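K.L.:
below is the sequence, then the predicted model.
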Amino acid sequence: MNNNELKRLLQANIITEDTAERIREYYRDNKRQSRFTLSAVFAIFASVFVSMGIILIIAHNWDELPKLLKIVFAFVPLLTAQSLCLYTLIRNRDSIAWKEGSATFLFFSLGACMALISQIYHIPGDLAEFVFTWMIFCLPAIYIMNSSVLSILYLAGITWYAAETGYWSSTSGSALWYWLLLILAIPHYYLLLHKHPESNFTIYHNWVVPLSVTAVLGTLSASFPELMYVAYMSLFGVFYLGGQSSFFSSSKRRNNGYLILGALGTVSLLLSLSFEWFWKKLPAKDFDLSSLLISQEFLFALVLSCVALLFLYQSNRLKIQRIKPLDGIFLVFIVVFMIGAYSMISMILINIILLLIGMMTIWEGVRSDHLGILNYGVLIIAALTLCRFFDTDLSFVIRGMLFIVVGAAIFILNTWMLKKRI
C-alpha cells in the first residue's frame, strides 16, 4: 500500500492517523525483512560460486603444481572461510547474510581441503568415509555460526552418506550412524521451530528432514525386507499425525512437508500394495519368529508404530483436530499385513481401504469447503481406478465407463463447490 492510498483512506475517515502510521511501519518492516532475506540469498549463492570457482581454477592446473604449493592451495580457501566466520562472529553476528554466506563458504572449502589433502597424500578410504568425516567436522559449525543453510547442507550430506553406505556401496550396510548424526542436528531445527516457525529456513527444514528420513529408512532392510512396508507405513503415519500437531498448526499446508509427505506416502504405498504381486509372495515367506523378533526391521517398525500410536492418542486427547481419513491407517495396515501372511484377502482389503480413504477425503473437502482436499480424494479414487485398469480382465467398455464416471465426478463436485462459494 503506497502513501497516496493511505491519504485517500485518511481523507475518507476510514482510518485514523495512528492506524495509518502502524500500516506504514508494518510495510517498512516487511521491506526490511525482504532486503535481509535477499542479502542472505545472494551471500549464499556468492559463496557457492566462489567456492566452485576456486576449486575449478586449482583443478585446471593441479598436475603442474609442486606438492608444497598444492598443500597451500588446499588450505587457503579453508583458512579464508574460517577468517570470515571469525569476523562474522565478532563484528556481524546479527547479519543473516554474513552468517549464512561465511558458513556456506566454510562447508565447501572444508570438503575441498579434505579431498585435496587425501589426494596429495594418497589417504585410503571410500566415498562414504569421506562424506562421514566431512559432516562430522561441519557439525559444530552449525551451532557456532547458528547457520540454517549449513544445517540443510549437513542433512543433505548425511543422507548422501547413508545412501552411499546402505544402497550404492558394494558392501552395503544399514548406515546406522546416520541416525546418530541426524539426532545431533535436531536441536538447531527445534530452536528454529520455536523461534522462527514461519521463516523460509524452517520451511526448508520441514521438507528436508522428512525427505531425508524417508530416503534412508530403506537402508535398514536386511533379513526381513517385507517388514519395511510396515515400518514405512508407520513412518508416514508419524509424519501425517506430527504434521497436524501444535508445532505446525499455524503453518500453511504447502509449507508443512510432514503432512503432505505423510499423506502422499501413505496413499502411494497402499496403491503399490493394491496389486497381487506382494501378497502372493508374502504367505510363502518362511518367517523364523525368533530371528524376526530380534531383527532391525522389526525393531524400527515397532518403534515407529509406537510413536505413531502416541501421536494419534495425543492429537485426539487434546482434540487438536477431528478424525481425518488417514489418521489410523498405519494401525489398520498392520492388521491387514498380518492377515496377508495367511490369505490373499488382504489385497481386496487394501483396495477397499483406498476406496474408503478417497470417499472420506472427498467428504472432508466438502465439510471444510476446501477444493484441494476434495480433489485429492477424487484423485485417490482415480489412481485406484487406473491401477485396476492394468490389473483386471474387465472389458475396455467397462474400463472406459469407469473413467467417464471419475471424470464426471471431478467436474460435478468442483462445480458444486464453486457454486456454494458464490
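P.N.:
Perfect, I can see it now.
K.L.:
mind checking the pLDDT average for the helix or strand encompassing residue 412?
P.N.:
In this assignment (DSSP states H and E), residue 412 forms part of helix 396-421. Averaging pLDDT along helix 396-421 gives 68.
K.L.:
same check on stretch 306-321?
P.N.:
Across stretch 306-321, pLDDT averages out at 75.
K.L.:
shaky segments in the stretch 151-300 of the chain?
P.N.:
The stretch 151-300 of the chain contains residues with pLDDT under 70 at 170-174, 249-250, 283-287.
K.L.:
again, 80 this time
P.N.:
Within the stretch 151-300 of the chain, the stretches with pLDDT under 80 are 168-175, 222-223, 246-253, 282-294.
K.L.:
give the contact list for the residue nearest to residue 276 when sequence neighbours are not counted.
P.N.:
Closest residue in space to residue 276, ignoring its immediate chain neighbours: residue 347 at 5.3 Å, by CB to CB, 6 or more residues apart in numbering. Any C-beta I mention is one placed from the backbone N, CA and C, and that applies to glycine too. Listed by CB atoms under 8 Å, 6 or more residues apart in numbering, the contact set of residue 347 reads 273-276, 279, 340.
K.L.:
can you show me the strands along the stretch 251-400 of the chain?
P.N.:
Applying DSSP state E, counting those that start in this stretch to the stretch 251-400 of the chain gives no strands.
K.L.:
ok, residue 360 touching residue 380?
P.N.:
No. Residue 360 is not in contact with residue 380 according to CB atoms under 8 Å; the separation is 9.7 Å.
K.L.:
neighbour count winner among the two?
P.N.:
It is residue 380, of residue 360 and residue 380, that has more neighbours when counted by other CB atoms under 10 Å, with 24 against 16.
K.L.:
quick one on the thing from earlier: could I get the contacts of residue 347 as a markdown table with neighbour count and distance to residue 106?
P.N.:
Output for these, formatted as a markdown table (neighbours: other CB atoms under 10 Å; distance: CB to CB, whole Å):
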| residue | neighbour count | distance to residue 106 |
| --- | --- | --- |
| 273 | 24 | 45 |
| 274 | 23 | 48 |
| 275 | 16 | 49 |
| 276 | 13 | 53 |
| 279 | 23 | 51 |
| 340 | 24 | 51 |
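K.L.:
distance to residue 208 added to these, as TSV?
P.N.:
Formatted as TSV, these follow (distance: CB to CB, whole Å):
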residue	distance to residue 208
273	27
274	30
275	31
276	36
279	34
340	34
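K.L.:
what's the closest of these to residue 197?
P.N.:
Among the contacts of residue 347, residue 273 lies closest to residue 197 (CB to CB), at 35.3 Å.
K.L.:
check contacts around the nearest residue to that closest one once chain neighbours are set aside.
P.N.:
Closest residue in space to residue 273, ignoring its immediate chain neighbours: residue 350 at 5.3 Å, by CB to CB, 6+ apart. Residues near residue 350 by CB under 8 Å, 6+ apart: 270, 273-274, 336.
K.L.:
quick one, grab the pLDDT at residue 350.
P.N.:
Per-residue confidence (pLDDT) for residue 350: 92.
K.L.:
equivalent analysis for the one 3 residues further on, please.
P.N.:
At residue 353, the predicted lDDT confidence score is 92.
K.L.:
quick check, it in contact with residue 270.
P.N.:
Yes. Residue 353 lies in contact with residue 270 (CB under 8 Å); the separation is 6.5 Å.
K.L.:
and for those two, which residues touch both?
P.N.:
329, 333.
K.L.:
of these two, who's got more company?
P.N.:
Using other CB under 10 Å as the criterion, residue 353 and residue 270 rank with residue 270 on top: 24 against 18.
K.L.:
what is the neighbour count of residue 99?
P.N.:
Look at residue 99: counted by other CB under 10 Å, it has 23 neighbours.
K.L.:
what's the host helix or strand of it packed up against?
P.N.:
In the assignment (DSSP H and E), residue 99 maps to helix 96-120. With contacts defined as 3 or more CB pairs under 8 Å, 6 or more residues apart in numbering; DSSP states H and E, helix 96-120 has these neighbours: helix 17-60, helix 67-91, helix 127-145, helix 148-163.
K.L.:
got the buried residues for it?
P.N.:
Residues 96-114, 116, 118 are the ones in helix 96-120 that count as buried (16 or more other CB atoms under 10 Å).
K.L.:
how about stretch 253-265?
P.N.:
255-263, 265.
K.L.:
how about these, which pair is most distant?
P.N.:
Longest span within the buried residues of stretch 253-265, CB to CB: 255 and 265, 17.5 Å.
K.L.:
so who does the closest residue to residue 123 other than its chain neighbours touch?
P.N.:
Distances taken as CB to CB, 6+ apart place residue 117 nearest to residue 123, at 7.2 Å, with adjacent residues excluded. When contacts are counted by CB under 8 Å, 6+ apart, residue 117 touches 71, 74, 123.
K.L.:
which PyMOL command selects the buried ones in those?
P.N.:
Restricted to buried positions by 16+ other CB under 10 Å, the PyMOL selection for these reads:
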select buried, resi 71+74
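K.L.:
closest to residue 251 out of the contacts of residue 117?
P.N.:
Of the contacts of residue 117, the one sitting nearest to residue 251 (CB to CB) turns out to be residue 74, at 43.2 Å.
K.L.:
measure that closest one to residue 120 for me?
P.N.:
According to CB to CB, to the nearest Å, residue 74 and residue 120 sit 7 Å apart.
K.L.:
rewinding a little: distance to residue 84 for the buried residues of stretch 253-265 - can I get that in a markdown table?
P.N.:
Shown next, in a markdown table, are these (distance: CB to CB, whole Å):
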| residue | distance to residue 84 |
| --- | --- |
| 255 | 31 |
| 256 | 35 |
| 257 | 31 |
| 258 | 35 |
| 259 | 38 |
| 260 | 37 |
| 261 | 36 |
| 262 | 40 |
| 263 | 42 |
| 265 | 40 |
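K.L.:
wait, which of those residues is closest to residue 136?
P.N.:
If you rank the buried residues of stretch 253-265 by distance to residue 136 using CB to CB, residue 257 comes first, at 26.1 Å.
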